[in-house]
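> Next comes the sequence, and after it the predicted model I'd like to discuss.
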Amino acid sequence: MIVILLGPPGAGKGTQATRIMEKNGLVQLSTGDMLRAAVAAKTAVGIKAKEFMDSGKLVTDEIVIGIIADRIEEDDCRQGFLLDGFPRTLAQAEALDKLLTNKNLKVDAVIEMKVNDESLVDRITGRYTCAHCNMGYHDTNLKPQKAGVCDSCGSTNFNRRSDDNRKTVVARLATYHAQTAPLLPFYKEKGVLRTIDGMANIDDVTIQINNVLSKL
Ligand code: AP5
Ligand code: MG
């Protein structure tokens, strides 16, 4: 099964991808996570990507398409995958179609997570993740059970993303509306678009996504 989670920054793509992976055994492919790993490792791709990411712009199509083309060849993608943050432009969506067609595969569903712009800034500026296992948390919406200790791995070290400040979030939202929202009619036309209410609480969003997946 090949599923795309499509939504603005802070819509809950990463939060839900982790839950869906655990339940359905799909691999999460987050281009944002892959690019952050490249930035941290100071690879050639990471050095190019950092400036775009910190200014709220998209990294070039060529770079992200190359990353995904290599990644979907790996063994753990054979049973299907869940794309989080890719595609984000029409050129990326068309390139994905080509890559999949070459493998006799297709996108089974595109889940649009609809959230009001006003809530996204709060969600993103309150977000932090475990430095060890990357489990996501939020200052008010999703705290660890024991303050300062990751529920998943017990680590006491946490990170905040450098692009999670108000100014960059506003730029990321504008980028989403200009470059990524046009994917909604693109996938609607193909009959694979499913829209869910991303404003619901985290557990209810998971239920809505599982309902979509159970019908595929
Ligand atoms: P990326 O890492 O993909 O960032 P994004 O799309 O901006 O999305 P986020 O990760 O910020 O949000 P999310 O939807 O995962 O929300 P989360 O679950 O964490 O991309 C970063 C950058 O990399 C881009 O700006 C770009 O430069 C580059 N890039 C990446 N992919 C690219 C591509 N394909 N092409 C070109 N460039 C690319 O949730 C957010 C917070 O809200 C959390 O704290 C969470 O606890 C909370 N929350 C989640 N759900 C709920 C809920 N239902 N109710 C209340 N709170 C909630
Ligand atoms: Mg994310």
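Great, that's in hand. Residues are numbered from 1 along each chain as shown. Ligands and ions are numbered 1, 2, ... in the order given.

> Up against ligand 1, what does this structure have?
7, 9-15, 31-32, 35, 52-53, 56, 58-59, 64, 85-86, 88, 92, 123-124, 126-127, 136, 138, 141-142, 172, 201-202, 205 (CB under 6 Å from any ligand atom). Heads up, the C-betas are built off the backbone N, CA and C, glycines and all.

> Out of these, which end up buried?
Neighbour counting by 16 or more other CB atoms under 10 Å classes 7, 9-15, 31-32, 35, 52-53, 56, 58-59, 64, 85-86, 88, 92, 123-124, 126-127, 138, 142, 172, 205 among the residues of the chain next to ligand 1 as buried.

> So which of the residues of the chain next to ligand 1 sit within helices?
13-15, 31-32, 35, 52-53, 64, 92, 123-124, 172, 202, 205 (DSSP state H).

> Now the chain against ligand 1: closest residue?
Here the residue of the chain nearest ligand 1 is G32; by CB to the nearest ligand atom that distance is 1.9 Å.

> Now do the same for the residue nearest to that residue when sequence neighbours are not counted: its pLDDT.
Leaving aside its sequence neighbours, G32 sits nearest to G85 (CB to CB, 6 or more residues apart in numbering; 4.6 Å). G85 is assigned 98 on the pLDDT scale.

> what about K167, distance to T175?
As judged by CB to CB, to the nearest Å, K167 and T175 stand 13 Å apart.

> Ok, K146 next?
37 Å.

> who has more neighbours, these two?
T175 (20 against 10; other CB atoms under 10 Å).

> give the contact list for that one.
By CB atoms under 8 Å, 6 or more residues apart in numbering, T175 lies in contact with G56, K57, L58.

> possible to save those as TSV with pLDDT and distance to Q79?
TSV is the format used below for the contacts of T175 (pLDDT from 0 to 100; distance: CB to CB, whole Å):
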residue	pLDDT	distance to Q79
G56	97	34
K57	98	34
L58	98	29
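
> can you count the residues close to the residue nearest to C77 when sequence neighbours are not counted?
Spatial nearest neighbour of C77, chain neighbours left out: V27 (5.7 Å); criterion: CB to CB, 6+ apart. V27: 18 surrounding residues under other CB under 10 Å.

> Name whatever forms a beta bridge with V27.
F81 (DSSP bridges).

> hang on, isn't it packed against I20?
No. At 10.4 Å, V27 and I20 do not qualify as touching, with contact defined as CB atoms under 8 Å.

> Tell me the pLDDT of Q79.
89.

> Where does it fall, secondary structure wise?
Applying DSSP states H and E as the criterion places Q79 outside every helix and strand.

> quick one, phi/psi of the residue nearest to it when sequence neighbours are not counted?
Nearest non-adjacent residue to Q79, counting by CB to CB, 6+ apart: G25, 6.3 Å away. Phi and psi for G25, reported as degrees, to the nearest 10, are phi 70, psi 20.
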